[in-house]
Every structure is written in structure tokens, then in C-alpha cells.
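Undergrad: coordinates only, no sequence provided:
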């Protein structure tokens, strides 16, 4: 897409991250469910359940971090879209201005050509009128 990035690709990456976060969260839920199905009782079982709770909390935190990253990518994609739109507006304004200047330049050349066709003889009083006309056009 160029220097500023491809917002569509950023959105796709954000969607992929969100999907993976859901998968991570689902794996954590399955791990939690497996622990809940465990029926044995002992010090080892208690230690297992405590470790499982920590592991599940870590998995949830990882899924949350992935979702935050996806949200940031979506936000960045929106910012890139806004930047690209601003650049497009600026390019259009410059093109319009250049077109206007080219048209204005053509009109000025026509005016100068008209004057050159009607040049008075050297030293004639008509040079003063021509000077005023050129001044009005901003050429003097």
C-alpha cells in the first residue's frame, strides 16, 4: 500500500489475533474443565489445583493481551486510513491548484500575445497605456 501501510492488512492481522485470543481462552477453559473433573483428594491434588488456577489466570492474561494488541492494530488501521484520506485530499488540492495555474498562465499568454500584436512604434504615447494594462495584469 505504500509508505503509510495497508489498513486492510492491519485489520486482517487484528482479526487473526482476536481469533487466536479466542482459541487461547478456549484452551484455558478446557484446562479448567479438566481440573474440575479431577476427583482425587490429596496434598498433590491441592497443589495441582492451585497450579492450575495460576496457569489459567496466566492463559486469561495472555488472551487479554492478545485482544488489546488486536484493538491497537484496529485503531492504527483507522489512523492509517485517516492519514491516507488526508494525503489524497492534499494531492487533489495540489492538482486542482496546478490546473488553475496552468489555465491562468494560458490566459496570460493570450493577453501578452494580444498586446504584442498591437505594439506601438518606439517612442509613441501608446506605450503608457500598454504599461497600465500590463500593470493591471501584474506583469510590471
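TA: Nice, I can see it. All of these numbers come straight from a predicted model, not from anything done at the bench. Numbering: from 1, shown residues only.

Undergrad: for residue 6, what are phi and psi?
TA: Backbone geometry at residue 6, expressed as degrees, to the nearest 10, gives phi -110, psi 100.

Undergrad: tell me the spacing between it and residue 96.
TA: 27 Å (C-beta to C-beta, to the nearest Å). For glycine as for every other residue, the C-beta is placed from the backbone atoms N, C-alpha and C.

Undergrad: those two: who's more crowded?
TA: Counted by other C-beta atoms under 10 Å, residue 6 and residue 96 do not tie: residue 6 has more neighbours, with 14 against 10.

Undergrad: this structure: helices as residue ranges?
TA: Ranges of helices in the chain, per DSSP state H, are 7-37, 43-117, 126-136.

Undergrad: tell me the domain boundaries of this structure?
TA: Domains of the chain are assigned by the TED database as 7-77, 108-139.

Undergrad: give the residue spans of the protein that score low on pLDDT.
TA: For the chain, the stretches with pLDDT under 70 are 1-3, 109, 112-124, 126-127, 130, 139-140.

Undergrad: could you rerun that using 80?
TA: Low-confidence segments of the chain (pLDDT under 80): 1-4, 101-135, 137-140.

Undergrad: need the residue closest to the centroid of it.
TA: Per C-alpha atoms, centre = their mean, the C-alpha nearest to the average position across the chain is that of residue 80, at 1.5 Å.

Undergrad: ok, and which of the helices of the chain has the densest surroundings?
TA: Most buried of these by mean neighbour count (mean count of other C-beta atoms under 10 Å) is helix 7-37; its value is a mean of 15.

Undergrad: coming back round to it: JSON lines please, covering the domains of the chain and showing distance to residue 86.
TA: Output for the domains of the chain, formatted as JSON lines (distance: least, C-beta to C-beta, whole Å):
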{"stretch": "domain 7-77", "distance to residue 86": "13"}
{"stretch": "domain 108-139", "distance to residue 86": "33"}
